[in-house]
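Undergrad: output the structure for:
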Amino acid sequence: MKTLTKNPWIYSLLIILALTAWMASGMLQAESTVNESSEDNSTADVAKTETIIPRVRVRRIAPQPVTKSLTLYGVSEAARSLDIRPQLSGQIETVLVDRGETVKQGQILARIDVYDRPQQLEHARAELAQRELEYQSSKSLNQNGYQGKAALAEAQALLKQAEARVSKLQLDIERCQIRAPFSGIVSEKHMEPGLFVAMHDKLATLIETDPIIVRGDASQLDRLNIKPGQKADIRFNNGQQQAGRIRFVSAQANANTNTFRVEVELANPGQQMIAGMSAEISIPLQTETAIKISPALFSLNEAGDIGIKWVQQDVVEFTPIRIIKSESDGVWVSGIDPQASIITVGQAFVKKGDKVEPVPEKTAKTTGESKGAS
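TA: Numbers count the residues shown, from 1 in each chain. From the prediction side, this is the model:
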């Protein structure tokens, strides 16, 4: 005690040590409390995260038979186009048709002056009769032994010559009448009365539009699926539709475009379809079973394949698909299990292997309506 009395600083030191120990014990206790609280919060967060399962809307889509088709774009053309040319020279005497007029096969389009050919024909016929008598006389004399074979052969040659002259004059007179080789429309006219024309000059152009054809160009791959006789559906740019059949598929590609010419023949009795109209050619290929979905449901996997996400036993699955046909309101695809529950809402936020809570579309709509009503 004497020592403490003599040295009061010892009291102060003891008090300071006691205070320091007390404060240290409080800080340790607080830190322990904070650590325990952090651990509790982390455990709660993990438990909370583990218990959150995303909801996705799903729907089963019944497959239907759909016909895969090939689409080409082309233009309508006349089935035939022919330049009318004379087979002899002469002056145009009469023109009986005008441009744009419809004509029948064999109809006279124009006449060339026959000049004196009818008179020449009369003279040739008279000469033919004379040669026939001469030949018959030579033949009779030869059979009776009064004339040799040389004289008979000469008489026969003169007879054939007379027959040929008659036939030529008859043909020339007929050729003076320019006739339509087939039924069609006079699209061009280059003849007028009084015009002198030489052999093979262009007088007119005749086109046939019944039937009419629609010409398209197919790529190398598409060419393999097209054959003459196949059905084709045509849709013109004015909305008019017509069914036809493929009449020609080129066996050689165009040197400039590397495509193959395809011709579809259409009946056109009323001349409702005209040449030069833009058209879409749809060629049915084969019928497959597929489902129709919106392209918005498409997803990509890590390999870059296009597919659909669906749910099996509350787990997200991914299946690659094959596009069969595209339409304005959806796409027909195959490769999906008919019983698959396809994710229609929420597919962008889940991936293959995720656990989800699937909600059928009907149930989802009913729930939404109930919530709205309340």
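
Undergrad: for the one helix or strand V316 maps to, report the contacting residues that lie outside it.
TA: Using DSSP states H and E, V316 falls within strand 315-320. Residues from elsewhere that reach strand 315-320 (Cβ atoms under 8 Å, 6 or more residues apart in numbering): 56, 299, 301, 305-311, 335-337, 340, 343, 350-356. C-beta here means a position set from N, CA and C on the backbone, and glycine is covered the same way.

Undergrad: run the last query once more with 10 Å
TA: 54, 56, 299-303, 305-311, 333, 335-337, 340-343, 346-347, 350-356, 358 (Cβ atoms under 10 Å, 6 or more residues apart in numbering).

Undergrad: domain ranges for the chain, per the record?
TA: Domain assignment for the chain, taken from automatic domain parsing, gives 56-68+288-373, 86-194, 203-287.

Undergrad: A79 is nearest to which of those?
TA: domain 203-287 (4.7 Å; Cβ to Cβ).

Undergrad: and that closest one, how far from the chain's centre?
TA: Its chain's average C-alpha position is 10 Å from that of domain 203-287, according to Cα atoms, centre = their mean, to the nearest Å.

Undergrad: before we move on, the earlier item: partner strands of the following helix or strand past the strand holding V316 and their direction?
TA: Next helix or strand after strand 315-320 toward the C-terminus (DSSP H and E): strand 322-327. Its sheet considered, strand 322-327 pairs with strand 330-334 (antiparallel) by DSSP bridges.

Undergrad: ok, back up a step: just the ones of the contacts of strand 315-320 in strands?
TA: Under the assignment DSSP state E, the contacts of strand 315-320 contribute 56, 299-300, 306-311, 333, 341-343, 358 to strands.

Undergrad: select only the buried ones of the residues you listed in PyMOL?
TA: Remark: buried members of the ones in strands among the contacts of strand 315-320, expressed as a PyMOL selection using 16 or more other Cβ atoms under 10 Å:
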select buried, resi 56+299+307+308+309+310+311+333+341+342+343+358
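
Undergrad: quick one: which of the ones in strands among the contacts of strand 315-320 is nearest R131?
TA: V333 (84.4 Å).

Undergrad: just give the nearest non-adjacent residue to that closest one, would you?
TA: Nearest residue to V333, sequence neighbours excluded (Cβ to Cβ, 6 or more residues apart in numbering): I321, at 4.3 Å.

Undergrad: before we move on, what about I92?
TA: Counting by Cβ to Cβ, 6+ apart, I92 lies nearest to L195, which is 4.6 Å off, once chain neighbours are set aside.

Undergrad: that neighbour contacts K189, doesn't it?
TA: No: the pair L195 / K189 is not scored as a contact, 11.2 Å apart, by Cβ atoms under 10 Å.

Undergrad: looking at the two, which is more packed in?
TA: K189 (19 against 15; other Cβ atoms under 10 Å).

Undergrad: how about the contacts made by that one?
TA: By Cβ under 10 Å, 6+ apart, the neighbours of K189 are 84, 95, 97-101, 109-110, 202-205.

Undergrad: can you check I108 too?
TA: Applying Cβ under 10 Å, 6+ apart, the residues near I108 are 94, 96-97, 177-180.

Undergrad: can I get the residues you listed in TSV with pLDDT, secondary structure and distance to K231?
TA: Output for the contacts of I108, formatted as TSV (pLDDT from 0 to 100; DSSP: H, G, I helix; E, B strand; the rest coil; distance: Cβ to Cβ, whole Å):
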residue	pLDDT	secondary structure	distance to K231
T94	96	strand	46
L96	96	coil	41
V97	95	coil	37
Q177	96	strand	42
I178	96	strand	39
R179	96	strand	36
A180	96	coil	32
